[in-house]
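**Q** The amino acid sequence is not available; the structure is as follows:
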């Protein structure tokens, strides 16, 4: 009897552990925030509690290494003297949820706003918005970062207020680790680079770039889980472009608004994600609308159908994230200092307020790590 009880208790313990994840959260500096935060998220009930935080300047975007042992955060700054921003390396203790500083390196440009690791965890990519530069930083065995090698983008876009020069906004590695897709908001291009995981070298692909619509401002790229399609959120026009992705090349297949019909207000579109099952896509709008556009996805063709909008119940949804179970969508309302936790209907894709909140100053990025 005692043996059966022990086995049952162990099973319950394992089940409870499987329903918990760490949230690693990036923020902007404010009187209400102090850097990178770690929360523990209960996926059974959609609640979160703070575990730890580490003070660092403007860690607006973060990345987690493939083995989840290290965390990399941007310091989205441009200090006087022309040294630019930084990428900060942390070790992450999956038992305690504690971050420990390893080292920092210059990001190779001003105001790094995005960071990504390759699939081996040996390289980190930094997107420097203000200087329009893309950098590659080597990762040592202890997770520390080496010095950056930098590529300078050139050109301008149609919008004189926002596109006087290049603005690299995001870099996403392909599933096979052979290609880096880089969105440049300032020059209306998605750049494609071939990546050598041995040397860390980036070279222009056979298709070196694809133009977006002039003045659209491509901000972030995401792949469909089947890796046959890609989606780009376009900040300046409030649109999503749908691409077919085959043999390392992109072909535009659809362009669809993130806004309600006849709404001509500025969208300020920001973030984009596909649900884990690949059935739905979500895109956030800032500006005055503060909404998340919800689309169904044709999984054979990749095309989108708009099925609804959800108020973010806050201001400036710069980023949002779907939890690993797919049951919750966490929306980071930067200018109302809280994360709204939505229930997500996995069958319809629609969102509903769970009533739960994470109160933190200027939240802007969430990454997930499994709890050990």
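**A** Great, that's in hand. These numbers were taken from a predicted model, which means no experiment stands behind them.
**Q** Does residue 214 touch residue 186 like I think?
**A** No: Residue 214 lies out of contact with residue 186 (C-beta atoms under 8 Å); the separation is 12.0 Å. C-betas here are computed from N, CA, C, even on glycine.
**Q** ok, and the closest non-adjacent residue to residue 127?
**A** Sequence neighbours aside, residue 114 is the residue nearest to residue 127 in space, at 4.0 Å (criterion: C-beta to C-beta, 6 or more residues apart in numbering).
**Q** In terms of helix, strand or coil, where does the one you found fall?
**A** Following DSSP: H, G, I helix; E, B strand; the rest coil, residue 114 is assigned to strand.
**Q** how close does it sit to residue 129?
**A** Using C-beta to C-beta, to the nearest Å, residue 114 is found at 8 Å from residue 129.
**Q** anything in contact with each of the two?
**A** Listed contacts common to residue 114 and residue 129 are 168-169; contacts here mean C-beta atoms under 8 Å, 6 or more residues apart in numbering.
**Q** just to revisit the earlier point, shared neighbours, residue 214 and residue 186?
**A** Joint contacts of residue 214 and residue 186 (C-beta under 8 Å, 6+ apart) are residue 157.
**Q** Among these two, which residue is more densely surrounded?
**A** residue 186 (24 against 12; other C-beta atoms under 10 Å).
**Q** number of nearby residues for the closest residue to the more buried one other than its chain neighbours?
**A** Nearest non-adjacent residue to residue 186, counting by C-beta to C-beta, 6+ apart: residue 167, 3.6 Å away. Residue 167 has 26 neighbours, counted by other C-beta under 10 Å.
**Q** Residue 167 and residue 53: what is the separation?
**A** When residue 167 is compared with residue 53 (using C-beta to C-beta), they lie 29 Å apart.
**Q** Same check on residue 238?
**A** 34 Å.
**Q** ditto for residue 273
**A** 24 Å.
**Q** what does residue 344 give?
**A** 27 Å.
**Q** Of these two, give the one with the bigger neighbour count.
**A** Per other C-beta under 10 Å, whichever of residue 344 and residue 53 has more neighbours is residue 344, with 26 against 18.
**Q** Could you give the bridge partners of the more buried one?
**A** Beta-bridge partners for residue 344, by DSSP bridges, are residue 351.
**Q** likewise residue 42?
**A** Residue 42 has the following beta-bridge partners by DSSP bridges: residue 20, residue 47.
**Q** Same check on residue 329?
**A** Beta-bridge partners for residue 329, by DSSP bridges, are residue 322, residue 342.
**Q** Tell me how far it lies from residue 156.
**A** Residue 329 sits 36 Å away from residue 156 when distances are taken as C-beta to C-beta.
**Q** So between those two, which is more surrounded?
**A** residue 329 (24 against 14).
**Q** What confidence value was assigned to the more buried one?
**A** Looking at residue 329, its pLDDT stands at 98.
**Q** How about residue 169?
**A** 98.
**Q** so which strand or helix has it?
**A** Assigned by DSSP states H and E, residue 169 falls within strand 168-173.
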